[in-house]
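Trainee: sequence first, then the predicted structure:
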Amino acid sequence: MDAERPGTDLVRVRTGMYHDSVSLMRVSRAAAGLPGVEVAVVAMATGLNLGIAAGLGFALPAAGPADLLVALRAADADAAERAAAEVDGLLAGLAAARVAGPAGAAEPPRTVRAAVRAAGGAATLALVSVPGRYAFAEAMDAVEAGLSVMVFSDDVPVEREVLLKRRAAEHGVLVMGPDCGTAVVGGTGLGFANVLRPGPVGIVAASGTGAQQVACLLDLAGAGVGHILGVGGRDLSAEVGGLSTLRALDALDADPATELIVLVSKPPDPRVADAVRKAADRLATPVVTAFLGRASGRGPGDLTSAAEDVLRALGAEVPGWPSWSAAGPRVPGPGRAADSGPAPDHAAGDGGDRAAAGRARRLHGIYAGGTLCAEAALVAGTGDFTDYGDDAYTRGRAHPMIDPAFRLEALAAVPPGDAVLLDVVLGHGADPDPAGRLAPAVAAAVARGVPVTVALVGSSGDPQGLAAQAGALCAAGADVFVSNALAARHAAGLTGGPR
Amino acid sequence: MSLPLLSGEPHVITAGAAVLGEALDAQAVPRTAVDWRPPLPGTEDDLARVLADPRRAAANARAVDRLTSARPLLTGVRPAREVLDLPPGTFLHAGPPIGWERASGPMRGALVGAVLLEGLAGDAAGAQELLAAGRVRLEPCHRHRAVGPMAGVVSPSMWMFEVRDAEHGGIAHCSLNEGLGKVLRYGAYGPEVIGRLRWMGEVLGPALAAALELTGPLDLRSLIAQALQMGDELHNRNRAATSLLIRELAPALVEAAGRHAAEVLRFAGGNDHFFLNAGMAACKVSADAARDVPGSTLVVAMARNGTDFGVQVSGLGDRWFTGPAGVPDGLYLGAYGPADANPDIGDSTITETAGLGGFAMAAAPAIVRFVGGDVADATAATRSMYEITLAEHPAYRIPGLGFRGTPVGVDVTLVARTGLLPTVNTGIAGRVAGTGQVGAGLVSPPAAAFTAALAALAREAPIG
């Protein structure tokens, strides 16, 4: 649209080629980093992605969701062609990896139904993460084959969720999801899952990051978790009626290795909550319910207090939760040393040291985890909280735990004098080095006078390394807490908000 | 309720984001990855409606069981006027319904030939006039429990194979095969074509009928199963099946046909496709056994009239869902080339409907070059059809795939989900009326026929 615009546009449509959005974002990122390349969009030609490319000024041919779009803007035609060839190579690499498959099979199955047959009776579970409007078919294949299924996909219509769960009941299997981000089944982490020491606790979670917070705190306190059965964020709504929650409670009750059940959820529908409580009371296994914001016992109704309730029920000691405060005085300006993190500081929880430096005007909660976001908003009692893992932000693109782009933009937009609270979630499925990706933006924020507090949800066994991630964030100038509630209280203290 | 997944060794089916599968690989958890792609454009809501139909799973299990448990027996050979309820002045044709106006060259040629055979006109011009005036009523073979290869034109004096299903009691018919080259089914209607058809009515039909009286019913299920193991796929290669059929019939023919025995045997033995029509009737009677199961998404007929490709679905009665017939991709006889080819034509796709033909390509390495490609392509073609079918045939097995049953029972929902269309082997008719066969090859059906059927299933699925 701008004749003066420098550079050369190259747009190609590959018909009949499909790769998932995360794989394609990796290709886009690699292409954008090539010499002479200014903009790179490598994506399925969905309406959303076509809109993005058109908004970037590319002239686009007709294409549909089954076509793959390559749109490159480079310094000159040579650079564009070189980049296009590089993209072709990367796409061929994806295709080769897919065709080879994990077992080296020549022709990979095209549906869950065919995959069940190809697995020859060995399959125990299906993990479905295709775009939400297509997820029903794949999940139904699993249920009809007598397999439990985790539906990671979001954006699945609620009536299809209900149907799927009713059909699952007929087949004696469990539907985890839709929009189930986290599950651990017999030590296997599915979706976003932390590496947990095995043990007697079974978690039923209508909230993925809520379960991760509870499980990681238990793990850090030395208590083991055998299973996390996610049920999807809508399971305890009036429409769905807790179909999967009731089923998961029964299953954990029947599991001889599970001695204590924890039920984690955002505030459920009251009638469904009653039904679930009644069902929980009938179980032989004790159940601790953690409905966020509804204190069931003495705790303030946050996830940390729920984890502490669990520890007490197990007869275990409640430890002081680790935190790390940024080293040195908080002075605006570049050049902070970033080579090593400080040792855990068990006293950083009160936030009092910041108050002396002048109060922040406003608190911005920039979250990847929905329940963590809700919990932080509840605990902080002040500020603007955004859940970048919400459907509205993830339609047609990757979850912020995988791709931090949206959150980096939001962080960069916070004006000097305001404060930031954000979550970093570790574990399988998550970004392999989230602290590394966030650190420059955190350092920049701190440098322009924006204090940053991080809730770091991870276990000691997570592949990213809890201490290393904490160290990197701390070195960038953030205060880091393993408890989201403590982080929120600390950040609220910076603004002089409640607590 | 206990869940086995809480205690067993995990093995995960993964469909979707590669990063989630890689996280399992990092934990050394065995998995089977789905090579997932979006469904055919615009089908996702119809798919959800149809997949949610509570009748579907049981309906499909029942329908495909009826298809694969059928026991077709060759029980007789009789004139069409005796066995088909043909109203006077009615001819049958291949594929979904079509009139003279939209009929292609070979369809018109075959109809002209049939008019001449029946003596309704003195010459081709007169026959065309009669047909253009609508004086002959045209109906699909499928409507009359019959099938016909290529143009599939059946007129009252033609003789038909009669096949009965000993399991479910159905009956189906197919005309007798005329051989290759200039033949009526490819749209030729010259004097040699009409002369051969008269001989078939006067000599071949009665001789075969008499021989079958002596042998009693022949088990076509068993014969097809043997032929598959001898390198036939039963659509474009019927050499083994023809030989087996002649072996069964020859002694009885000698006894029953007297002085005509030698010419009948010479005619049948000189035509590698002699069995095709009996096989098509066997497939038809099997597919018909699967009809009319409410809620079933199983395809019970795929057929072409030279203009449209149509499908019928078990749960949707006798409605046709059509799209434009494609031009086959293949090899050509003599100097013919793609410009001479007519769009896809014939009821012989009943073989693919019943799990043979293109679906059984892996059984027929001898003809893979003829239909394009090499043995690996044939194996891949058969393997890919397991993606869109409901079952593996219990009797029709492929030695080269470890005696795995052929993929059988096309499911409309699986076609829409995978975008994989049935692989069809076929002959190629000349586009100009009167030409005859110009080649043979592979053809893809139009996706629109399947998506239209899916939309109808969605409209009729119970809500909730």
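Mentor: Nice, I can see it.

Trainee: from here on, just use CA atoms for contacts and neighbour counts.
Mentor: OK.

Trainee: how about the residue in the stretch 251-400 of chain B that chain A sits nearest to, nearest residue that isn't a chain neighbour?
Mentor: As assessed by Cα to the nearest Cα, chain A sits closest to B:Glu387 within the stretch 251-400 of chain B, at 6.2 Å. What sits nearest to B:Glu387 in space, not counting adjacent residues and going by Cα to Cα, 6 or more residues apart in numbering or on different chains, is A:Ala114, at 6.2 Å.

Trainee: next one: the helix or strand of chain B with the lowest mean pLDDT to chain centre, how far?
Mentor: Ranked by mean pLDDT, DSSP states H and E, the helix or strand of chain B with the weakest confidence is strand B:329-332, at a mean of 83. Computed by Cα atoms, centre = their mean, to the nearest Å, the chain-centroid distance of strand B:329-332 equals 19 Å.

Trainee: can you check stretch A:266-279 too?
Mentor: Counting by Cα atoms, centre = their mean, stretch A:266-279 is centred 25 Å from the centre of its parent chain.

Trainee: what residue ranges in the chain score low on pLDDT?
Mentor: Going with chain A. Applying pLDDT under 70 to chain A flags residues A:1-6, A:96-106, A:294-300, A:327-358, A:396-397, A:497-499.

Trainee: my bad, the chain I had in mind was chain B
Mentor: Chain B contains residues with pLDDT under 70 at B:1, B:370-372, B:464.

Trainee: domain map for it?
Mentor: B:4-36, B:50-67+B:291-460, B:71-281 (automatic domain parsing).

Trainee: which SSE is immediately downstream of the least confident helix or strand of chain B?
Mentor: Next helix or strand after strand B:329-332 toward the C-terminus (DSSP states H and E): strand B:345-346.

Trainee: ok so, going back, for the residue of the stretch 251-400 of chain B closest to chain A, give me phi and psi.
Mentor: Taking degrees, to the nearest 10, you get phi -70, psi -30 for the backbone angles of B:Glu387.

Trainee: where do the helices of the stretch 251-400 of chain A begin and end?
Mentor: Per DSSP state H, counting those that start in this stretch, the stretch 251-400 of chain A carries helices over the ranges A:270-282, A:303-313, A:352-355, A:370-380, A:391-394.

Trainee: need these in JSON lines with mean neighbour count and distance to chain B, can you?
Mentor: Formatted as JSON lines, these follow (neighbours: other Cα atoms under 10 Å in any protein chain shown; distance: least, Cα to the nearest Cα, whole Å):
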{"stretch": "helix A:270-282", "mean neighbour count": "15", "distance to chain B": "13"}
{"stretch": "helix A:303-313", "mean neighbour count": "21", "distance to chain B": "21"}
{"stretch": "helix A:352-355", "mean neighbour count": "14", "distance to chain B": "39"}
{"stretch": "helix A:370-380", "mean neighbour count": "24", "distance to chain B": "19"}
{"stretch": "helix A:391-394", "mean neighbour count": "14", "distance to chain B": "13"}
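
Trainee: now render these as TSV, adding distance to A:Ala118.
Mentor: Output for the helices of the stretch 251-400 of chain A, formatted as TSV (distance: least, Cα to Cα, whole Å):
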stretch	distance to A:Ala118
helix A:270-282	38
helix A:303-313	41
helix A:352-355	59
helix A:370-380	36
helix A:391-394	32
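
Trainee: out of those, which is closest to B:Leu265?
Mentor: Nearest to B:Leu265 among the helices of the stretch 251-400 of chain A is helix A:391-394 (70.9 Å), distances taken as Cα to Cα.

Trainee: touching that closest one from outside, list them.
Mentor: With Cα atoms under 8 Å, 6 or more residues apart in numbering or on different chains as the test, helix A:391-394 has contacts from A:154-155, A:388, A:400.

Trainee: let's see that with 10 Å instead.
Mentor: A:153-156, A:179, A:387-388, A:397, A:399-400, A:406 (Cα atoms under 10 Å, 6 or more residues apart in numbering or on different chains).

Trainee: done for today, thanks.
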